[in-house]
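> 3D, please:
(chains A, B, C and D)
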2 protein chains.
Amino acid sequence: MTTYHHGDLRAALLRAAGELLEKDGVESLSLREAARRAGVSHNAPYRHFPDRESLLAALAAEGFELLERELGERPAAELGLAYVEFALARPQRFRLMFGGQRAQAAAGYVNLRGFAGLGDEAPLAAAAAWSLVHGLANLILEGHFAAAQRESGGGAAFAAKVLGSVRLARAQRTA
Amino acid sequence: MTTYHHGDLRAALLRAAGELLEKDGVESLSLREAARRAGVSHNAPYRHFPDRESLLAALAAEGFELLERELGERPAAELGLAYVEFALARPQRFRLMFGGQRAQAAAGYVNLRGFAGLGDEAPLAAAAAWSLVHGLANLILEGHFAAAQRESGGGAAFAAKVLGSVRLARAQRTA
DNA sequence: ACCTGAACACCGTTCAAGT
DNA sequence: ACCTGAACACCGTTCAAGT
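Numbering: from 1, shown residues only, chains lettered A, B, ... in the order given. The predicted structure follows:
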């Protein structure tokens, strides 16, 4: 019973907070509710996190590890699509990772140079590739391509089309 | 003196809330503080906005009008850069407009087909162009290109380089 | 060290009332 | 219609105490 808060309260808090995050988003994630779910007083979290913001930072860090892992399992040609799929599968986590000033943790974290055959060409090309998939993920997530998605049969399918069309344009160039 | 709340309390609230937003971001924008700044009771805002969320939606809508206006003043070749510049000039407004579920108001709002010579080619190309500039704006805003920005002499300069390199790639293709 | 309850200064939102 | 003060159920954070 009283097991839980004997060394892994931090982990229990992160798990509870992660569930709350993915359910309702950052804005309605409270330290007190996470503590409640972990079975401790509203005050206990301060033993492991100096404030709410650093709990959020830890959740974001988890997200970056997960993203890195998932990108690592895919061939270079699918990196862009994998990035979008990650965002669509964990929208709230993705928003937390890349929204609102919490980004320091991520700076330079995600390496997409391999995306779409861009190889190691140039830093500018890598920046463009990352920007493309990141913007696509965001805009799909927020519903800005709702109509086109419906035609394509879902967000991931639409993303594949868009990324495919870019790849095609590049292929035509080199051909 | 008692002028203010005689018809334009709504406007006064939006102005106060806009200042708070641009100062500290959405998360620390409270209805009560906006009311205080507008010189009314913490309760008065409910005469004009059913809840906090719809005040935020109104602020986002203002942002979209402003973005549209600013894009409209630039030649087609500069639309992408203008988009990024808007984001860098009003980071908190931009985050509000495109962050966290508030996007319905914007769906299909921004038309970037003219960007980078993409013309009316295809919806997929337009989606790619918007994604590129949107992702670039976001990633610059959150500090993910900090090092490259320093070399380029600022976020806007870096954005111009990235967008220039993409345009170049397309030009090479058609040449 | 780790956890607790009480307390403080905030919130958003609702309600009964005033003009 | 528009505004008010009081009240409710929440927050994040701090503090003095307990083990």
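
> Give the closest residue to the residue in chain A that chain B sits nearest to in space, chain neighbours not counted.
Nearest residue of chain A to chain B (CB to the nearest CB) works out as residue A:135 at 2.7 Å. Quick note: C-beta positions are derived from backbone N, CA and C, even for glycine. Excluding the flanking residues, the one nearest residue A:135 by CB to CB, 6 or more residues apart in numbering or on different chains is residue B:135, at 2.7 Å.

> What confidence value was assigned to that neighbour?
Here, the pLDDT recorded for residue B:135 equals 96.

> Compute the inter-axis angle for the strand or helix carrying it and helix A:123-141.
Element membership of residue B:135 [criterion: DSSP states H and E] is helix B:123-141. Helix B:123-141 runs at 110 degrees relative to helix A:123-141, counting by axes from the mean of the first three to the mean of the last three CA atoms, to 10 degrees.

> pLDDT on the helix or strand following helix B:123-141, on average?
As assigned by DSSP H and E, the chain's next helix or strand after helix B:123-141 is helix B:146-152. On average, the pLDDT along helix B:146-152 is 88.

> who does helix B:146-152 touch, helix- and strand-wise?
Using 3 or more CB pairs under 8 Å, 6 or more residues apart in numbering or on different chains; DSSP states H and E, the elements in contact with helix B:146-152 are helix B:155-174.

> for the record, mean pLDDT for the helix it packs on?
The average pLDDT for helix B:155-174 rounds to 80.

> Helix, strand or coil: sort out residue A:101 for me.
Of the three states, residue A:101 takes coil according to DSSP: H, G, I helix; E, B strand; the rest coil.

> what ranges of chain A fall below the confidence cut-off?
Confidence mapping of chain A against pLDDT under 70 gives the ranges A:1-7, A:102-121, A:168-175.

> So which bits of it are right by DNA strand D?
Near DNA strand D, the residues belonging to chain A are A:29, A:30, A:31, A:32, A:33, A:42, A:43, A:46, A:51, A:52, A:53 when assessed by CB under 7 Å from any atom of the strand.

> how many neighbours does the residue nearest to the fifth one when sequence neighbours are not counted have?
Leaving aside its chain neighbours, residue A:33 sits nearest to residue A:20 (6.1 Å; criterion: CB to CB, 6+ apart). Here the neighbour count serves as a burial measure; for residue A:20 (other CB atoms under 10 Å in any protein chain shown) it reads 19.

> just checking, residue A:20 touches residue A:31?
No: at 10.1 Å, residue A:20 does not count as touching residue A:31 under the criterion of CB atoms under 8 Å.

> The helix holding residue B:135 - contacts with which helices or strands?
Using 3+ CB pairs under 8 Å, 6+ apart: helix B:123-141 touches helix A:123-141, helix A:155-174, helix B:79-89, helix B:91-98, helix B:155-174.

> what angle separates the fourth one from helix A:123-141?
What that stands for is helix B:91-98. Note on geometry: by the same axes, to 10 degrees, helix B:91-98 and helix A:123-141 are set 50 degrees apart in direction.

> Who are the contact partners of the residue sitting nearest the centre point of chain A?
Closest to where the C-alpha atoms of chain A average out (CA atoms, centre = their mean) is residue A:94, at 3.0 Å. Neighbouring residues of residue A:94 by CB atoms under 8 Å, 6 or more residues apart in numbering or on different chains: A:63, A:86, A:87, A:137, A:141.

> now it: how far from residue B:13?
Plainly put, residue A:94 is 32 Å away from residue B:13 if you go by CB to CB, to the nearest Å.

> how many other residues sit next to the residue of chain A closest to chain B?
Residue A:135: 25 surrounding residues under other CB under 10 Å.

> I figured residue A:40 hits residue A:9, correct?
Yes: Residue A:40 is in contact with residue A:9 according to CB under 8 Å; the separation is 6.4 Å.

> what sits in contact with each of these two?
What both residue A:40 and residue A:9 touch, as defined by CB under 8 Å, 6+ apart, is an empty set.

> Can you name the residues that contact residue A:138?
A:87, A:98, B:98, B:134, B:135, B:138.

> now residue A:123
residue B:148.

> cool, residue A:26 as well?
With contact taken as CB under 8 Å, 6+ apart, residue A:26 is in contact with A:56, A:92, A:95, A:96, A:99, B:100.

> could you redo the last one with a cut-off of 7 Å?
Applying CB atoms under 7 Å, 6 or more residues apart in numbering or on different chains to residue A:26 gives the contacts A:56, A:92, A:95, A:96.

> so how far is DNA strand C from it?
15 Å (CB to the nearest atom of the strand, to the nearest Å).

> rewinding a little: can you say which of the helices and strands packed on helix B:123-141 is nearest to DNA strand C?
DNA strand C lies closest to helix B:91-98 among those, at 14.0 Å (CB to the nearest atom of the strand).
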